[in-house]
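[1] What would the 3D arrangement of this be:
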Amino acid sequence: MLFKKKNNFQIDTLIDAGMKINGSTEVSGGLRLDGKIYGDLKFTAEKTGAIIIGEDGLIKGDLYVAIAIIAGKVLGNIVCTEFLEIESTGIIEGDLSYNIIEIHAGAEIKGQLIKLTKAQTNQVNKK
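    Numbering: from 1, shown residues only. All right, here's what the predicted structure looks like:
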């Protein structure tokens, strides 16, 4: 079941290693982040939004998404309504609100883990 969730998206946008975005950003679809975002990142379609953060990727702000695979760094809170995977190189400094989570050995998390209830997930998806 978990693998189905992970592979149920495509990459529509690439933010490459040399790119930097300043300010809060809204996107839709699938995003591969190897660059840096300084500001909140919100996916406009929570039920289908997905992000892969590469080892050199950085978000310095909050992340709101349905599916996330993180090998880089997030310095902010994460709200992930479907599936959250933190790779062994992933570093999170903030609270994690999740539905399903997978944490690999070696990942660093400095914050609280908060399991979303079905009602909370539905409420986030309506925003």
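
[2] Any idea how many residues pack against the nearest residue to residue 13 once chain neighbours are set aside?
    Nearest non-adjacent residue to residue 13, counting by C-beta to C-beta, 6 or more residues apart in numbering: residue 31, 4.8 Å away. (Glycine included, C-beta is placed from N, CA and C.) Residue 31 has 24 neighbours, counted by other C-beta atoms under 10 Å.

[3] Could you check the pLDDT of residue 31?
    Residue 31 is assigned 95 on the pLDDT scale.

[4] Following the helix or strand it falls within in sequence, what is the next regular element?
    Using DSSP states H and E, residue 31 sits in strand 30-33. Sequence order places strand 36-38 as the next helix or strand after strand 30-33, per DSSP H and E.

[5] buried sites along that following strand?
    Neighbour-count burial for strand 36-38, with 16 or more other C-beta atoms under 10 Å as criterion, is recorded at 36-37.

[6] Now the following helix or strand past that strand: average pLDDT?
    Following strand 36-38 in sequence order, the next helix or strand is strand 41-43 (DSSP H and E). Mean pLDDT, computed over strand 41-43, is 95.
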